[in-house]
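1. Here is a sequence together with a model predicted from it:
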2 protein chains.
Amino acid sequence: MSHGTGVHVGDRARREIVVAASIEDVAVRAGVSTATVSRALRGLPNVSPETRRRVLAAAHALDYVASPSASSLASGRMSTVGVITPYLGRWFFGTVIGGAEAELRVAGHDLLLYTIGGEGHRYRFFDQLPLRRRVDAVLVLTLPMEGDEVEAVRSLGMPVSIVGARVEGFSSVRIDDVAGAELGVRHLVALGHRRIGLISGGRTESNRFTAPTDRSAGYRRVLVEAGLPVDPALDVDGEFTVAGGERAMAELLGRPEPPTAVFAQSDEMAFGALRAVRRAGLSCPGDVSLCGFDDHEMADLFDLTTVAQPVQEQGVLAARQVLAALSGGEYPQASVLPTSLVVRGTTAPPGSP
Amino acid sequence: MSHGTGVHVGDRARREIVVAASIEDVAVRAGVSTATVSRALRGLPNVSPETRRRVLAAAHALDYVASPSASSLASGRMSTVGVITPYLGRWFFGTVIGGAEAELRVAGHDLLLYTIGGEGHRYRFFDQLPLRRRVDAVLVLTLPMEGDEVEAVRSLGMPVSIVGARVEGFSSVRIDDVAGAELGVRHLVALGHRRIGLISGGRTESNRFTAPTDRSAGYRRVLVEAGLPVDPALDVDGEFTVAGGERAMAELLGRPEPPTAVFAQSDEMAFGALRAVRRAGLSCPGDVSLCGFDDHEMADLFDLTTVAQPVQEQGVLAARQVLAALSGGEYPQASVLPTSLVVRGTTAPPGSP
DNA sequence: TTGAAAGCGCTAACAA
DNA sequence: TTGTTAGCGCTTTCAA
């Protein structure tokens, strides 16, 4: 194959094959050196306007795009950020990644995806760290990491931002889970509820994954503030799943003295809880009020009162954090985003019709 | 900085910085040439077992990972597949991508993500084709492409697989939408329904996006087969959204002679339709039966009867198609996956209690 | 089976 | 402001 020529080769019979133009082709056409082409195209200073114009024209005419492998090899920069996520199908993760991607794209970075849901994959991932020489920075999505996993990521020696947890030495983006839970439970108390149940998530998770712990803490704090008893019998694990939420609510409704309101630590668990209410032949909020957490895209559909968290924005901020670090800015840094209460139809004063 | 040494450098005060080992380091340590290291590590033939053993040992000792930019530059292969998707937050897309990623990972390929939801992004994407020199192949997810967009993608000159549509010259993975719709509507007919409404999706979309057209065709064919009239007044656009489905169902229920059953072309529209039923003070399936399409992860929650399509598998197959093309296999090829009926609680004979 | 050597297409010192 | 030149770390002929 001849050296890149930037012209169509091959005969008429076959579909034309385009040999991509190289920086050399552009240099020749613009009558300058490759170094000048590189400078002009990357917008570096010290290029005369006239020269830059000629280079741009030549590049455009040849439909030139720099080879990322060549520039990465020469510069040591990958212009790529790795995103590690436990699931993809779930609304929260997809939405966070969407936010991050948009932000990275604008800064000229690509997004390399690593889903490590299955335990096998997970082991291989942290053991081999396949993104070692492929990316400049890493975004880790709500993934309770073990101690050695944290060290593995740290050994990458690049900027890391964690969404949904805080780890020493890494940047992070979180919401104030304690305050969020308080918002929801206070709403229930304000409506007049005195027996408020809790459907919590993942008791057995790593302690770095602070969402369940913090949301439980917020729940308890409000009860105490309001002078209400904290009854362990009203705290049931819903495992952060729809099915778990359904089981948990069924259990709560089966108590000798069932709660008149329930705070679920996630909307998905709340959806399951709603089904349990329906299956028990009861109504929400008639027999029991329910408040969720997330403002899942389906929450509106269920008319679910919930505590909203900004989701896309968490991805955007995480991306900004690593981009800042890559350009010499402050690192690590921690962002905490606010939550807000969205009142819909599943909450009402106790004993409402 | 010295040539890659594979050892820790820097003084005690600062955190150790690891300079990655290069192929040269491995070669020296194993007492062979870099060419042999390359061959041994990639599992090429013509390397004696003893040599391979020594090379692997050296590579392991130095914690060596080949630089992807260097090998890409030298070989011309990127070992990366680009995925173009309109949204990420939606269950369908996330799940397809998850399937594709797992398959690609096993084959040693990375997944580069391009979300082009916003129209601005879309234009820039097809105009500039940022993945031109970054990937070896492309997966396009259910994205109605315009003619010039198709040509832009074709001009990449690499294997392409489309999920959810069929385009001449590209591989594709689809479900049999006609047969799927027939499955759902036949179920309604079998229950005894004679007035069956249709909530269709996106009438205004490109004609390359065959799902709505095909599903409508299946609906009509079953009616005709059953000797039932095809009433245009019972065919309403739901725009493939929850809100659209709700509006469409409200409209159908407001007809002088409302249908006793409705077939929605997507589960999300069916979810909206269920809400419309509830808001109209009616019950499902008591007053009207409803069948969806997709078997969305929330379908079970709504107890929705629906036509299930394999989702993750579509991603897996699309990945396999481009991987096959990359290793010289048949291209293009088209896969059509079967659908199945999932009967739940939203369908019953007309006039059931 | 192994090695020598020539690139792959860029970037970044350094010189001019 | 621009050009020269030496790599970046691999892969791949071609020879041995």
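-> Looks like it came in fine. Numbers count the residues shown, from 1 in each chain, chains lettered A, B, ... in the order given.

2. Around A:Leu73, count how many other residues there are.
-> 18 (other C-beta atoms under 10 Å in any protein chain shown). No exception for glycine: its C-beta is placed from N, CA and C like everyone else's.

3. Quick check: which ranges of chain A have low pLDDT?
-> Residues of chain A meeting the criterion pLDDT under 70: A:1-18, A:119, A:203-208.

4. Could you say whether the residue nearest to the spatial centre of it sits in a helix, a strand or coil?
-> Against the mean C-alpha coordinate of chain A, by C-alpha atoms, centre = their mean, the closest residue is A:Val96 at 3.4 Å. Recorded secondary structure, A:Val96: helix (DSSP: H, G, I helix; E, B strand; the rest coil).

5. quick one, what contacts the residue nearest to it when sequence neighbours are not counted?
-> Distances taken as C-beta to C-beta, 6 or more residues apart in numbering or on different chains put A:Gly315 closest to A:Val96, at 3.9 Å, once the chain neighbours are dropped. A:Gly315 is in contact with A:Thr95, A:Val96, A:Ile97, A:Gly98, A:Gly99, A:Ala100, A:Glu101, A:Glu103, A:Leu139, A:Val163, counting by C-beta atoms under 8 Å, 6 or more residues apart in numbering or on different chains.

6. After the helix or strand hosting A:Gly315, which helix or strand is next? Please name it.
-> Using DSSP states H and E, the element containing A:Gly315 is helix A:312-326. Downstream of helix A:312-326, the first helix or strand assigned by DSSP H and E is strand A:334-337.

7. which neighbours does that next one have in its sheet, and in what orientation?
-> Applying DSSP bridges, strand A:334-337 is found paired with strand A:171-175 (parallel).

8. tilt between the partner strand and helix A:312-326?
-> With axes from the mean of the first three to the mean of the last three C-alpha atoms, to 10 degrees defining the directions, strand A:171-175 sits at 160 degrees from helix A:312-326.

9. Kindly export strand A:171-175 (C-alpha atoms) in CSV.
-> Extracted in CSV, the C-alpha atoms of strand A:171-175 (Å, rounded to 0.1, in the frame of the first residue of the first chain):
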residue,chain,number,x,y,z
SER,A,171,-12.9,13.2,43.7
SER,A,172,-16.5,12.5,44.3
VAL,A,173,-20.0,13.6,43.5
ARG,A,174,-22.8,12.8,45.8
ILE,A,175,-26.1,14.0,47.0
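
10. and the next element down the chain from it?
-> Per DSSP H and E, strand A:171-175 leads on to helix A:177-190 as the next helix or strand towards the C-terminus.

11. Just the buried residues of that following helix, please?
-> Within helix A:177-190, the residues that count as buried by 16 or more other C-beta atoms under 10 Å in any protein chain shown are A:Asp177, A:Val178, A:Gly180, A:Ala181, A:Glu182, A:Leu183, A:Gly184, A:Val185, A:Arg186, A:His187, A:Leu188, A:Val189.

12. Run the chain-centre distance for that helix.
-> 24 Å (C-alpha atoms, centre = their mean, to the nearest Å).

13. cool, and stretch A:88-97?
-> In this view, stretch A:88-97 has its centroid 7 Å away from the chain centroid, taken as C-alpha atoms, centre = their mean.

14. just stretch A:282-292 next, same as before
-> Put simply, stretch A:282-292 sits 30 Å off its chain's centre (C-alpha atoms, centre = their mean).

15. Let me know whether that stretch sits next to chain B.
-> No - against chain B, stretch A:282-292 shows no contacts by C-beta under 8 Å from any C-beta of the partner chain, the least distance being 12.2 Å.

16. Can you give the domain ranges for chain A?
-> Per automatic domain parsing, the structural domains of chain A span A:1-76, A:80-175+A:312-337, A:177-309.

17. Need the ones you listed in CSV (columns: distance to DNA strand C).
-> Shown next, in CSV, are the domains of chain A (distance: least, C-beta to the nearest atom of the strand, whole Å):
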stretch, distance to DNA strand C
domain A:1-76, 3
domain A:80-175+A:312-337, 11
domain A:177-309, 36
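
18. Near the residue lying closest to A:Ser33 once chain neighbours are set aside, how many other residues are there?
-> The shortest distance from A:Ser33 to any non-neighbouring residue, by C-beta to C-beta, 6+ apart, is to A:Ala27 (5.8 Å). When neighbours are defined as other C-beta under 10 Å, A:Ala27 has 19 of them.

19. show me what contacts A:Ala27?
-> Each residue near A:Ala27 by C-beta under 8 Å, 6+ apart is listed here: A:Ser33, A:Thr34, A:Thr36, A:Val37.

20. What subset of these is buried?
-> Buried subset of these (neighbour count, 16+ other C-beta under 10 Å): A:Thr36, A:Val37.

21. could you check whether stretch A:56-72 is close to chain B?
-> Yes - with C-beta under 8 Å from any C-beta as the measure, stretch A:56-72 is seen reaching chain B through A:Val65, A:Ala66, A:Ser67, A:Pro68, A:Ser69, A:Ala70, A:Ser72.
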